[in-house]
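Q: coords please:
(one chain, ligands or ions: 2)
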Amino acid sequence: MTIVKTPISPKLPALMHGADYNPDQWLHDPAVLEEDIRLMKLAGCNVMAIGIFSWAALEPAEGEFRFEWLDQVLERFRDNGIYAWLATPSGARPAWLADSYPEVLRVGPNRVRNLYSGRHNHCPTSPAYREKVATINRKLAERYATHPAVVGWHISNEYGGECHCELCQEAFRSWLKREYGTLDALNLAWWTSFWAHTYTDWKQIDSPALHGERMVHGLNLDWRRFVTEQTVDFCKHEIDAVKWANPELPATTNMYTLETLDYRKFTPILDVISWDAYPDWHKEADNVKVAATFAFMHDMFRSMLHKPFLLMESTPSMTNWQAVSKLKKPGMHRLSSLQAIAHGSDSVQYFQWRKSRGSSEKLHGAVVDHAGHEHTRVFRDVAELGGTLAELSEIAGSPTPSQTAILFDWDNRWAVKDAKGPRNAGLHYEETVHDHHRALWQQGIPIDVIGSEYDFAPYKLIVAPMLYLCREETGRKLEAFVEGGGTLVVTYWSGIVDEHDRCHLGGFPGPLRKTLGIWAEEIDALQDHERNGVSLIAGNPLALTGLYESRELCDLIHLEGAEAIGCYTDDFYAERPALTVNNLGQGKAYYIATRLGDDFLLAFYRVVAAQAGVARVLDTELPAGVTAQLRTDGSSDFVFLMNFGNEATEVSLDGRSYVDLESGEAISAVVPLPVNGIRILKRDAASPR
Ligand code: GLA
Ligand code: ZN
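A: Residues are numbered from 1 along each chain as shown. Ligands and ions are numbered 1, 2, ... in the order given. Just a heads-up that it's a prediction; the model follows:
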């Protein structure tokens, strides 16, 4: 594989460090800007995201623009070596706008239009909103697109949610017409003969609602797809309105949650992926699960463009919206921030630079506290990290090549959660995906998180937990992947429905049946307290032994070419296969028929990854709670050793020569890692093992 370094901005080919900055909250006190510049330099900050919620300051009345304050901020930035991600302000609109054009306000699923309020609640279809957004965006671009301090566009803020207004309903119907052509095709795809739901006119179709239609799964799925496409279209509209002035200036939009939008669909219109990560550290006995969950998210966002991304927001101390907003314990600020770098981020940016004085986020963590000076624990942690990022700057632009991928599709996630049965008490889809990811992460294996539409060729191992919604095409791609020598792992509750959420006929797991060499005839659901078990068959090809506890779902499968590796221990299906492998072409396809715990997954992936030829970052066993991640520029590897456990430990290296990137010290045997410890080592990428 060829390694290509891709720095995010030629203007700032280093690791970026900074925060969301809202100078428009302090225009009445000009001393604040000067003090902020002093503090930014002191904290080693080289970038700020500005203008995110500045529409009222930029256009205080319709058609009246005030840019002088922003001119001044950007000038001070330029004079001081600070760069800006300049935002388009569509995330929150001025009161005058909603007053004059009420259609810009979002309508909820209950068909009630919001009053002017909050943010992130505009209609993505409204022509009036699109026009006003295009106007302010074009003005910003005209003035700043070639400004030396501007590194790129921060388009809007955390797109999400949905609007059910009449304009959106009409747009949805047009989208459906384009997708299906005829009502007959739509009726068949949505299986509307069920409950006499056959539509005879497009106007009868409405978005899902609590007091309306909720049970037509094909409709639910298509509504989600439409909402995504409408939001992507809105985002593109915003990007077009800024890019005309300087097509070279990169555009990103900060993503945040898995809930409403399939963020992968934004990929074609963005130059850089960015996301906002708020890990809830210290909520459990150790931080391993939280760390692995956020590792998964970093992996997913990085995999969208397969190049470095931006950590656009994180909190320098605490949030004010988690159930319990804990402070970061000593060392955690550095560890949490550098974890993002380890997984491919080229920045550590915060929400927020300076605490606002009033309104709902006045108590959210910030680099600069209400105390107003640098003599705080948080400021010291941030400034120290600024120094570290400067020392690590040679990492910027380096990719994270992975030979392993986890398949995670948004439409599968939507469909699996929408399904009724077999276990409405909890299928735990995401938890299951994270369990598989974590078992690989704990062994220091770099992982991409990909969608079914991605190219599978770069991978040796693909893991598809609960691939409930599986298109025929995905089945064919996975079959070709295995035949060509790949190793595939699939679990129970896969290959059940197609892209319209209709069950596959002819036996589950539908399009994966041949590849896996099994037929899943029935699935048993266990009560929360019930357990079954899997006993490994003597002499199995993985050389696994013993007994593992299983829970939640048990597929009752028949072998159709696959070999059993493990069998159920209990119930009327005791001794029937629960873990199988099918040899197909040059590759292997494993089927895990029931939900197994961390002990099994760790043991299983240890053998499977090794047999698949997947390289670990370090060719050595890692202690519990520790992971190793890798970035490489092709001549040097950057190895991140991170301890998320609650005990100090040490990592034995694998015999290669390493240098600590921060201290320059040579290391070859053992690296001590305190609690919340992280070390970044450099080795020759070409040196033999
Ligand atoms: C989000 C938003 C920010 C801020 C933070 C608080 O990520 O983008 O504007 O509200 O949450 O954590
Ligand atoms: Zn709308």
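Q: got the contact list for stretch 172-188?
A: Among residues not part of stretch 172-188, those counted as contacts by C-beta atoms under 8 Å, 6 or more residues apart in numbering are 189, 192-193, 198-203, 205, 207, 222-223, 226, 229-230. Glycine gets a C-beta too; all of them are placed from N, C-alpha and C.
Q: Could you look up the SS state of the residue positioned nearest the centre of the chain?
A: The chain has Met297 as the residue nearest its centroid, 3.7 Å off, counting by C-alpha atoms, centre = their mean. Counting by DSSP: H, G, I helix; E, B strand; the rest coil, the backbone at Met297 sits in helix.
Q: Next: the one 5 residues further on.
A: On the three-state scheme (three-state DSSP), Arg302 is labelled helix.
Q: do Met40 as well
A: Following three-state DSSP, the label given to Met40 is helix.
Q: What about the nearest residue to it once chain neighbours are set aside, how many residues nearby?
A: For Met40, ignoring the flanking residues on the chain, the nearest one in space by C-beta to C-beta, 6 or more residues apart in numbering is Ile82 at 5.8 Å. Neighbour count of Ile82, defined by other C-beta atoms under 10 Å: 22.
Q: With Ala419 instead?
A: 19.
Q: same question, the one 3 residues further on
A: Residue neighbour count, defined by other C-beta under 10 Å, stands at 16 for Pro422.
Q: ditto for Ser402
A: Ser402: 26 neighbours (other C-beta under 10 Å).
Q: Also Thr649?
A: Neighbours around Thr649, by other C-beta under 10 Å: 17.
Q: Just to check, it is in contact with Thr627?
A: No - counting by C-beta atoms under 8 Å, Thr649 does not reach Thr627; the two are 11.9 Å apart.
Q: and the helix or strand where Cys235 lies, which residues are buried?
A: If you go by DSSP states H and E, Cys235 is part of helix 217-243. Within helix 217-243, the residues that count as buried by 16 or more other C-beta atoms under 10 Å are 217-239, 241-243.
Q: Could you do stretch 3-20 as well?
A: Buried positions in stretch 3-20, judged by neighbour count with 16+ other C-beta under 10 Å: Lys5, Pro7, Ile8, Ser9, Leu12, Ala14, Leu15, Met16, His17, Gly18, Ala19, Asp20.
Q: Relative to ligand 1, how far out is the residue nearest to Met40?
A: From Ile82 across to ligand 1, the span is 20 Å (C-beta to the nearest ligand atom, to the nearest Å).
Q: Name the residues of the stretch 201-350 of the chain found near ligand 1, please.
A: Contacts of the stretch 201-350 of the chain with ligand 1, taken as C-beta under 6 Å from any ligand atom, map to Tyr256, Asp276, Tyr278, Glu313, Thr319.
Q: From these, list the buried ones, please.
A: For these, a burial check counting by 16+ other C-beta under 10 Å picks out Tyr256, Asp276, Tyr278, Glu313, Thr319.
Q: Closest one of those residues to Ala439?
A: Using C-beta to C-beta, Tyr278 comes nearest to Ala439 of these, at 24.6 Å.
Q: ok, for the closest one, nearest residue in space, not its chain neighbours?
A: Sequence neighbours aside, Thr319 is the residue nearest to Tyr278 in space, at 5.5 Å (criterion: C-beta to C-beta, 6+ apart).
Q: Report pLDDT for the one you found.
A: Looking at Thr319, its pLDDT is 96.
Q: State the distance from it to Trp85.
A: Per C-beta to C-beta, to the nearest Å, Thr319 is found 21 Å from Trp85.
Q: Next: Lys588.
A: Where Trp85 is concerned, Lys588 sits at a distance of 45 Å (C-beta to C-beta).
Q: distance between stretch 611-618 and the chain's centre?
A: 24 Å (C-alpha atoms, centre = their mean, to the nearest Å).
Q: so what's the residue in the stretch 501-650 of the chain that ligand 1 sits nearest to up against?
A: The stretch 501-650 of the chain approaches ligand 1 most closely through Phe644 (21.9 Å), counting by C-beta to the nearest ligand atom. Shown in contact with Phe644 (C-beta under 8 Å, 6+ apart): Asp286, Asn287, Val288, Val290, Ala291, Leu335, Gly625, Val626, Thr627, Asn676.
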